[in-house]
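Engineer: Give me coordinates for this.
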Amino acid sequence: MAFARRYLPPVGQLAAFEAVARTGSTAAAARELDLTQGTVSRLVQALEAQLGVLLFLRQRKRLKPTQAALVYADEVRRALDIIGRASLRLGANPDGGVLALAILPTFGTHWLAPRLPGFLKAHPGVTINLATRLKPFDFEGEEFDAAIHFGSPTWPRAGHLRLFGEGVVAVAAPGFLAAHPVRAAADLLTLPLLTLETRPRGWANWFAHHGVGAAPPRGMVFDQFATMMQAAIHGIGVALLPEFLARPALAEGALLPAFGGPVEGRHAYWLVWPEGRDAHPPLAAFRDWLKAETEGLV
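Structural biologist: Presented below is the predicted three-dimensional model:
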C-alpha cells in the first residue's frame, strides 16, 4: 500500500480532472470548483505529467477525454464520493460514527426495531441509518456498511455473522379455518396459499416436511411478509410466516395455526459486511451487540 501511495495524485488534481472530463471544458470546471480557468488547466497538466498519460485531446477550445481517461474519471469519481461521504459522516458525528445498514423490512420492523433502543443507549455516539433491501447487492455499488441477509453465507466478498435460523408456521384467520377445516397437511393443497416472492419454494418445503409429495397450487404472491400477514388476517388464504412475526397475531387470536407447529428451514438470518470493513467502530459495536442479542437462539 505504501508503494502505491507514492503514485497517488493530489486530490486537487483529481477533482479538477474529474470536473473537466464530466463538463468538457476547463471554464465549466473552474466555475464548479470555484477556481480560475488557468488553475484548472495547470492541475490537469500536472496530473498528466505525473501519470505520464495524455488524458485529453485538445480540439480548438474544448478538451475531449480519451477513452482511457473516461474509465479513469469514473473510478476517480467513485473514490472522491467515498472520501466526501466519509468526511461528512465524521463531521456529523466525530465522537461516535455512522452505521449505514440495509435491512429486510420484516426483520427490521418486528425484530430489530424493538431492540435498537438498547443498542443506542449503550452506544450514544453511534448513529444508525436504515434502508430496506429485499435482495443481495454489491457493496461496491451501494453506500452501506453492513446488511441483514436471509439465506446462506454466500454473500460475495463479505464477512458473515449468523444470527439465528427461522421457523415458519402455516397460519390463517379463525373464520377462514372455520369455513375450511384442516385435518391433515394435504388438506391445504385445496386452499389458497399465500406466497412470498423471495421464498418461491416455501410451501413445497413445508409440504415435504409433512410427507406430502404433491406440488402446491400457485396462489397470490407478495413482496413482503407484513402485507401477506395482513392478507391472511383478513381471510384471503393461508400464509407461511416466520414464527417471530406470527407470534403476536397468534397471541391476540387474529391468526390460528392451520396445521402443525414451526418448521425449521435450511437458511438463517445473517449480518454481512464488506471485506476490509471489519474494524469500522460502529460496525464492530453493532456486530458485538447483535452477537450478544442472538446468543442462544437456534
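Engineer: helices and strands around the helix or strand in which residue 127 is found, which ones?
Structural biologist: Under the criterion of DSSP states H and E, residue 127 resides in strand 126-132. In terms of contacts (3 or more C-beta pairs under 8 Å, 6 or more residues apart in numbering; DSSP states H and E), strand 126-132 is packed against strand 97-103, helix 113-122, helix 281-293. Just so you know, the C-beta spots here come from the backbone N, C-alpha and C atoms, and that holds for glycine as well.
Engineer: Can you pull the domain assignment for this structure?
Structural biologist: According to automatic domain parsing, the chain is divided into the following domains: 2-92, 97-155+271-289, 166-266.
Engineer: What residues does the residue nearest to the spatial centre of the chain make contact with?
Structural biologist: Centroid check for the chain by C-alpha atoms, centre = their mean gives residue 102 as the closest residue, at 3.4 Å. For residue 102, the contacting residues are 130-133, 137, 142, 144, 146-148, by C-beta atoms under 8 Å, 6 or more residues apart in numbering.
Engineer: separation between it and residue 138?
Structural biologist: 12 Å (C-beta to C-beta, to the nearest Å).
Engineer: Verify the stated contact: residue 41 with residue 26.
Structural biologist: Yes: between residue 41 and residue 26 there is a contact under C-beta atoms under 8 Å: 5.1 Å.
Engineer: okay, those two: which has more neighbours?
Structural biologist: residue 26 (25 against 18; other C-beta atoms under 10 Å).
Engineer: burial measure for residue 175, as a count.
Structural biologist: 11.
Engineer: Now it: closest residue in space that isn't a chain neighbour?
Structural biologist: Excluding its sequence neighbours, the residue lying closest to residue 175 (C-beta to C-beta, 6 or more residues apart in numbering) is residue 235, at 5.6 Å.
Engineer: That neighbour falls within a strand, correct?
Structural biologist: No: looking at residue 235 with DSSP: H, G, I helix; E, B strand; the rest coil, it is coil, so not inside a strand.
Engineer: List the contacts of the nearest residue to residue 291 once chain neighbours are set aside.
Structural biologist: Computed as C-beta to C-beta, 6+ apart, the closest residue to residue 291 that is not its neighbour in sequence is residue 161, at 6.4 Å. Contacts for residue 161 (C-beta under 8 Å, 6+ apart) come out as 270-272, 287, 290-291.
Engineer: Which member of these is positioned nearest residue 125?
Structural biologist: residue 287 (16.3 Å; C-beta to C-beta).
Engineer: separation between the closest one and residue 160?
Structural biologist: 11 Å.
Engineer: for residue 54, same thing?
Structural biologist: 45 Å.
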